[in-house]
Every structure is written in C-alpha cells, then in structure tokens.
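Chemist: show me the folded form of this:
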Amino acid sequence: MVDGKERRVRNRTDGSEKPLGEWNRMVIECLGDKVRVWVNGDLVNDGFDATMRSGSIALQAEGAEVEFRKVQLTPIKNLTAIKKK
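Modeler: Residues are numbered from 1 along each chain as shown. Next up is the predicted model:
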C-alpha cells in the first residue's frame, strides 16, 4: 500500500493481470490506424481509427506508481490474429 491506497488498480474487466508483486507481460501492436493490447496473452483492447500514425511513444499509468522491466520495440507487418472463442 502507498499512502493507504493499493499500489495499483486491478483490471476489473477480466482476470488477465497477475497478482500484485508479479510481473505482467503486455504486448501493444500498432499498425496503421489499428491498436491491439494483450496482457499476459489475453486480448484486452482492440481499437481502430486511431488519429496518430507516427510520433513519440509515451508510457504511463493512471492512479498508481508503475515500473517497467523491459521495453522492446519491434517493427511488424501484420497484427496478431484474434482467436475466436
């Protein structure tokens, strides 16, 4: 806890995040006007019609301190296919 608050706000939409104190793996794919976000192998966001296609990259967290262990940028030619459940 930090100042009486939890260190981070847990993702309330699914169980994709690991418990507090364990590292999560996030993959963010951006191609053209499309953005897909994966957390620990689970697709958690699939966006399109993005207005920015180039520029700076910023990493942020809302409401709590965050640590990044490894940031790797890799060019891609295709987005990862979404598996139907």
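Chemist: thought residue 79 was touching residue 37?
Modeler: No: between residue 79 and residue 37 there is no contact under CB atoms under 8 Å: 11.3 Å. Placement of C-beta: from N, CA and C, glycine included.
Chemist: identify the contacts common to the two.
Modeler: Listed as contacting both residue 79 and residue 37 by CB atoms under 8 Å, 6 or more residues apart in numbering are residue 29.
Chemist: so where's the protein shaky on pLDDT?
Modeler: Where the chain drops to pLDDT under 70, the residues are 1-13, 85.
Chemist: ranges for the strands of it?
Modeler: For the chain, applying DSSP state E gives strands covering 26-31, 34-39, 42-47.
Chemist: which one is residue 27 nearest to, not counting chain neighbours?
Modeler: Distances taken as CB to CB, 6 or more residues apart in numbering put residue 38 closest to residue 27, at 4.3 Å, once the chain neighbours are dropped.
Chemist: my read: the one you found touches residue 24, true?
Modeler: No: counting by CB under 8 Å, residue 38 stays clear of residue 24, with 10.4 Å between them.
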